[in-house]
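J.: Starting from these lines, generate the structure:
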Amino acid sequence: MPIHIGGVGDAFARHLVGLGLADSTIRNYTAKVAAAAAWLAEHRGVDLHTAGADDIRAYSRTTPNTASTRRQLRVALSHWWQWTGRHDPPVGAVRVPPKRRGVCRALEPDEARAVVKTALGWRPEGLAVLCGLYLALRASEIAGLRWDQFAPDLTWVTITGKRDVTADLPVHPILAGELAEAQTAWRWLFPGSRGRAHVHPGTIWTWSVRVCQAAGVGHVEPHRLRHTALATANDRLGDLRAVSLFARHARVETTMIYTRTTARKLQAVVESLDYMT
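T.: A predicted model of the protein is given here:
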């Protein structure tokens, strides 16, 4: 359903299509511009053509003060003003806070071992958790897994995930063994119910919490399993580039968020500061 902004929402959306933006981004930007226009008209008595910097700042303060939200608002308004030809628009009035530094939330090695031991043979909940721990998959990727993504001998799997990035990943022997025991004629590893092709990502979230609580490590959501897989691999290999490829990250800097600094590593830093040799 189109969102109208002063009666020209459809035309603005077509402009964004011409810029090559994804459909989801177009819907997001159009909605943000529409919300800003409605608020300005109601609370400031101005429109986007006449709003000043104070008006735009006042509206931006009604939105969540996160880097992603404010940045999206700024870009959406920039596209609008560029399209309408407004001279010297108050883009900078939307203050974007610094992006929070990523924190590794990986489980400790003994916790990860406890989760694996608990998950083995527990289907479908435990199998879903093992897919997170051994393939570093996101919840949506686990939920949508199909048997035809795997090689016949279950040693490789093809994953298409965020931003349609596709990669062939090796499957750990422990996970391959669990998959072999769980393999069915169903197309999906985790079939849905009530007419749904596969389970919802929220179900994977519930399963992760259930298995990890049973393992005694507390409340652990699927993305922490991904953190654990990538941090463990980097701890063992020390090859951030290889781990980044496994994670299917576009930038190595993103993978750095998933690495942890242990007390042992900090001690090694201190020991390296030997100026007397």
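J.: Residues contacting stretch 72-82, please?
T.: The contact list for stretch 72-82 (C-beta atoms under 8 Å, 6 or more residues apart in numbering) reads 5, 12, 15-16, 19, 28-30, 32-33, 36, 48, 56, 60, 63, 89, 91, 94, 96. C-beta: built from backbone N, CA, C; applies to glycine.
J.: Please state the offset of that stretch from the chain centre?
T.: In terms of C-alpha atoms, centre = their mean, to the nearest Å, the centre of stretch 72-82 is set 23 Å apart from its chain centre.
J.: what helix or strand is residue 157 on?
T.: Using DSSP states H and E, residue 157 sits in strand 156-160.
J.: Give the other helices and strands that the helix or strand just after that strand contacts.
T.: Counting by DSSP H and E, the next helix or strand C-terminal to strand 156-160 is strand 166-170. Using 3 or more C-beta pairs under 8 Å, 6 or more residues apart in numbering; DSSP states H and E, the elements in contact with strand 166-170 are strand 156-160.
J.: Mind doing that once more with 10 Å?
T.: In terms of contacts (3 or more C-beta pairs under 10 Å, 6 or more residues apart in numbering; DSSP states H and E), strand 166-170 is packed against helix 125-135, strand 156-160, helix 240-247.
J.: okay, the second one in CSV with CA atoms only?
T.: When you say that, I think you mean strand 156-160. Extracted in CSV, the C-alpha atoms of strand 156-160 (Å, rounded to 0.1, in the frame of the first residue of the first chain):
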residue,chain,number,x,y,z
TRP,A,156,29.1,-28.8,2.6
VAL,A,157,26.2,-26.4,2.6
THR,A,158,25.3,-23.4,0.5
ILE,A,159,24.0,-20.5,2.5
THR,A,160,22.4,-17.4,1.0
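J.: That strand to helix 125-135, inter-axis angle?
T.: 90 degrees (axes from the mean of the first three to the mean of the last three C-alpha atoms, to 10 degrees).
J.: which residues sit against strand 156-160?
T.: With contact meaning C-beta atoms under 10 Å, 6 or more residues apart in numbering, strand 156-160 is reached by 131, 135-138, 141, 144-151, 165-171, 175-176, 179, 248.
J.: what's in contact with stretch 209-221?
T.: Stretch 209-221 has contacts (C-beta under 10 Å, 6+ apart) with 105, 107-108, 110-119, 122, 125-130, 132, 139, 204-206, 208, 222, 224-225, 227-228.
J.: Give me the subset of the residues you listed lying in helices.
T.: Counting by DSSP state H, the contacts of stretch 209-221 place 110-119, 125-130, 132, 139, 204-206, 208, 222, 224-225, 227-228 in helices.
J.: Any of these buried? List them.
T.: Using 16 or more other C-beta atoms under 10 Å as the burial test, the ones in helices among the contacts of stretch 209-221 include 111-112, 114-116, 118-119, 125-130, 132, 139, 204-206, 208, 222, 224-225, 227-228 as buried.
J.: Please pull up the helix or strand immediately following the longest helix anywhere in the chain.
T.: Longest helix of the chain, by residue count under DSSP H: helix 23-43. Counting by DSSP H and E, the next helix or strand C-terminal to helix 23-43 is helix 53-60.
J.: Check which helices and strands that next one sits against.
T.: Using 3+ C-beta pairs under 10 Å, 6+ apart, helix 53-60 sits against helix 23-43, helix 67-84.
J.: buried residues in it?
T.: Result for helix 53-60 [16+ other C-beta under 10 Å]: buried residues 55-56, 58-60.
J.: Compile those into CSV and extend it with columns for pLDDT and distance to residue 192.
T.: Listed next are the buried residues of helix 53-60 as CSV, based on pLDDT from 0 to 100; distance: C-beta to C-beta, whole Å:
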residue, pLDDT, distance to residue 192
55, 96, 47
56, 96, 44
58, 96, 45
59, 96, 41
60, 95, 40
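J.: Alright, I will stop here.
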